[in-house]
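J.: structural data only, the sequence is not supplied:
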């Protein structure tokens, strides 16, 4: 069966549902019936091509948001995982409870919270101050150091970063717990402190074992950057949306093009991580 | 660093030897300089929850002696061994290594553990490091040796256990017997005064056990002080200077191997040797 034809027909069927399930059909009553217009029109592909740089700009923002969110998630999630395994007392209880709450809240709710509720200027001002200082310290450079951070980007990074931290902490907790305790006992038996043993013996092995979980997490965060659409960040989905509102016949072409970009990104990074994982694998180790 | 055996229990000789090649901060030997035994265990108690695993164990082991601990499972042998280097903290009692009280609160366990090597039943090699790096890690991070000196030392220890050709192999690439020999080399590299062996061959096939036992026999010949938990009665018979039979967290009896094997004073000991000779032949 012709997949594209089927897709076009399905979209058309959705657009015609009396309960108006397709939100776009409601907000944009002028949406042209894709079947009447015919799916995958050459003119619509030209529209996509003409606006490719606009979409690629959104892609850059998507990638940037993925990176900042994952970095924030790692910086918070790795220590959180270690605290859950090795910590005790109030700190461990707090970390656990915080993680449970974050994992139990929809990402879009977290993002609306960070955008509309949190005093977002505070972290923005702090980061702008750092960026300005870096810019001043570097002097004239061939590239421009950004000295502003959009509040939508900041809110999206915080939401995705904290949510990712909650999940990454579980990836690292599992990996740390999977290294048998005997190795730590052996490290201590030759005079290393517990902390040295964790650092030199447990963590290097746990990081290797967390790669598959991290691949999942990377894919999830990359795709969930599209949630920033809800607070108006001009990432890939938002820009695609802007475009097919302009030329409503091109909705299928734009959705296909956008999906392809998301797919290429996740595929490429997963393959790279696979390669890295193999490169750093412990010889003879089947796990 | 070959320390001649002092089986005769001549404490003065042992003390002088310790004074010579010793880089740790020697505590000034008090008037009671006659600390004859290298390892002195006094009235050790240890409980896990309501279960008391060690119920007043006292033992003295001289420099160069090989003490084999035997007893039914759950008798407290392994716990006793882990208390000796404070991998397990005791509830009450005292442990002395020479003039240093191991169990004193001001004794740094990381310091004392360098002087007490340990070989584990589960071997516990660092899985992400080659045989050589398993040995250099402690030398580099604990001793602060240069990479080159640590490497040289590691290679000579690997040579000592007959694994010079496996320096670059990872644990998963080695047989069980080879792994355990690396484990022994890793402990020896820290220049311990005493080596603890916690059932070093019980995870291995009999033929692989033999290569490990051969290395241990060599250590015995070099005069290493050893405390060994094992069911290898052939090793015990051939190498032990004393055998301690533990049951229910207490020492039932202790003596030279010949007497304990041939003529134990306690019915419980006789019964135990009877049982394991059936299991292991």
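T.: It's in. Predicted, not measured: the structure shown is a model, and the values here were computed from it.
J.: how many neighbours does the residue in chain B that chain A sits nearest to have?
T.: Nearest to chain A in chain B, going by C-beta to the nearest C-beta, is residue B:172, at a distance of 3.3 Å. Heads up, the C-betas are built off the backbone N, CA and C, glycines and all. Neighbourhood size, residue B:172 [other C-beta atoms under 10 Å in any protein chain shown]: 15.
J.: which residues touch it?
T.: Counting by C-beta atoms under 8 Å, 6 or more residues apart in numbering or on different chains, residue B:172 touches A:282-286, B:127.
J.: for residue A:70, which residues are in contact?
T.: With C-beta under 8 Å, 6+ apart, residue A:70 has these contacts: A:161, A:164, A:217-218, A:221.
J.: tell me the one of the residues you listed nearest residue A:88?
T.: residue A:164 (25.1 Å; C-beta to C-beta).
J.: now the closest residue to the closest one other than its chain neighbours: how far from residue A:236?
T.: Nearest non-adjacent residue to residue A:164, counting by C-beta to C-beta, 6 or more residues apart in numbering or on different chains: residue A:73, 2.9 Å away. According to C-beta to C-beta, to the nearest Å, residue A:73 and residue A:236 sit 20 Å apart.
J.: with residue A:266 instead?
T.: 13 Å.
J.: spell out, range by range, the strands that occur in chain B.
T.: B:39-48, B:51-61, B:66-70, B:92-97, B:100-101, B:116-119, B:194-198, B:225-229, B:242-247, B:250-255 (DSSP state E).
J.: these into a markdown table, with extra columns for mean neighbour count, distance to chain A and mean pLDDT?
T.: Output for the strands of chain B, formatted as a markdown table (neighbours: other C-beta atoms under 10 Å in any protein chain shown; distance: least, C-beta to the nearest C-beta, whole Å; pLDDT from 0 to 100):
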| stretch | mean neighbour count | distance to chain A | mean pLDDT |
| --- | --- | --- | --- |
| strand B:39-48 | 18 | 16 | 94 |
| strand B:51-61 | 18 | 17 | 94 |
| strand B:66-70 | 26 | 17 | 95 |
| strand B:92-97 | 18 | 14 | 95 |
| strand B:100-101 | 18 | 14 | 92 |
| strand B:116-119 | 28 | 4 | 96 |
| strand B:194-198 | 24 | 8 | 97 |
| strand B:225-229 | 25 | 14 | 96 |
| strand B:242-247 | 23 | 21 | 94 |
| strand B:250-255 | 17 | 24 | 93 |
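J.: so which of these comes closest to residue A:145?
T.: strand B:116-119 (54.0 Å).
J.: for that closest one, which strands pair with it and how are they oriented?
T.: For strand B:116-119, the pairing partners within the sheet under DSSP bridges are strand B:194-198 (parallel).
J.: what's the strand it pairs with in contact with?
T.: With contacts defined as C-beta under 8 Å, 6+ apart, strand B:194-198 is touched by B:38-39, B:61, B:78, B:81-82, B:84-85, B:97, B:115-121, B:184, B:187-188, B:216, B:219, B:224-230.
J.: rewinding a little: farthest pair within the contacts of residue A:70?
T.: Checking the contacts of residue A:70 with C-beta to C-beta, the most distant pair is A:161 and A:218, at 13.2 Å.
J.: so the two - more neighbours on which side?
T.: Of the pair residue A:161 and residue A:218, residue A:161 is the one with more neighbours under other C-beta under 10 Å, namely 24 against 20.
J.: what sits against the more buried one?
T.: A:68-73, A:76.
J.: need those residues in TSV (columns: pLDDT and secondary structure).
T.: Shown next, in TSV, are the contacts of residue A:161 (pLDDT from 0 to 100; DSSP: H, G, I helix; E, B strand; the rest coil):
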residue	pLDDT	secondary structure
A:68	96	helix
A:69	97	helix
A:70	97	helix
A:71	97	helix
A:72	97	helix
A:73	97	helix
A:76	97	helix
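J.: residue A:285: how many residues sit nearby?
T.: For residue A:285, the count of nearby residues is 15 (other C-beta under 10 Å).
J.: any idea of the pLDDT on it?
T.: pLDDT for residue A:285: 77.
J.: that one against residue B:125, yeah?
T.: No - counting by C-beta atoms under 8 Å, residue A:285 sits too far from residue B:125 to count as a contact (11.8 Å).
J.: show me what the helix or strand hosting residue A:95 is packed up against.
T.: Per DSSP states H and E: residue A:95 is located in helix A:89-103. If you count contacts as 3 or more C-beta pairs under 8 Å, 6 or more residues apart in numbering or on different chains; DSSP states H and E, helix A:89-103 packs onto helix A:52-86, helix A:151-178.
J.: wasn't residue A:40 part of a helix?
T.: No - with DSSP: H, G, I helix; E, B strand; the rest coil as the criterion, residue A:40 is located in coil rather than a helix.
J.: any idea how far the residue nearest the centre of chain B is from residue A:162?
T.: The structure's chain B has its C-alpha centroid closest to residue B:196; by C-alpha atoms, centre = their mean the separation is 1.3 Å. Distance of residue B:196 to residue A:162, given as C-beta to C-beta: 47 Å.
J.: which residues of the stretch 151-287 of chain A lie near chain B?
T.: A:180, A:182-183, A:185-193, A:196, A:200-201, A:204-205, A:208, A:282-286 (C-beta under 8 Å from any C-beta of the partner chain).
J.: tell me the confidence at residue B:25?
T.: For residue B:25, pLDDT reads 42.
J.: what's downstream of the one helix or strand residue A:217 maps to, the next helix or strand?
T.: For residue A:217, the host element (DSSP H and E) is helix A:211-224. Past helix A:211-224, further along toward the C-terminus, the next helix or strand under DSSP H and E is helix A:236-246.
J.: low-confidence ranges in chain A?
T.: Residue ranges of chain A with pLDDT under 70: A:1-39, A:286-287.
J.: just give me the residue closest to the centre of it.
T.: residue A:221 (2.3 Å).
J.: quick check, that one in contact with residue A:67.
T.: No - if you go by C-beta under 8 Å, residue A:221 and residue A:67 don't touch, sitting 9.4 Å apart.
J.: circling back: with residue A:58 as the reference, measure out to the residue nearest to the centre of chain A.
T.: Distance from residue A:221 to residue A:58, counting by C-beta to C-beta: 17 Å.
J.: check residue B:248 too.
T.: 73 Å.
J.: between those two, who's got more neighbours?
T.: Higher neighbour count among residue B:248 and residue A:58: residue A:58, with 23 against 15, using other C-beta under 10 Å.
J.: how far off helix A:151-178 does the helix or strand hosting residue A:136 point, in degrees?
T.: Assigned by DSSP H and E, residue A:136 falls within helix A:121-138. Helix A:121-138 runs at 90 degrees relative to helix A:151-178, counting by axes from the mean of the first three to the mean of the last three C-alpha atoms, to 10 degrees.
J.: where does the closest residue to chain B within chain A land in three-state SS?
T.: In chain A, the residue that lies nearest chain B is residue A:284 (3.3 Å; C-beta to the nearest C-beta). Following three-state DSSP, we place residue A:284 in the coil state.
J.: quick check: residue A:281 touching residue A:208?
T.: Yes - counting by C-beta under 8 Å, residue A:281 touches residue A:208, with 7.0 Å between them.
J.: looking at these two, which has the bigger crowd around it?
T.: Neighbour count, other C-beta under 10 Å: between residue A:281 and residue A:208, residue A:208 has more, with 20 against 14.
J.: ok, how many other residues are close to the residue lying closest to that one once chain neighbours are set aside?
T.: The spatially closest residue to residue A:208, leaving aside those adjacent along the chain, is residue A:280, at 5.8 Å (C-beta to C-beta, 6+ apart). Neighbour count of residue A:280, defined by other C-beta under 10 Å: 12.
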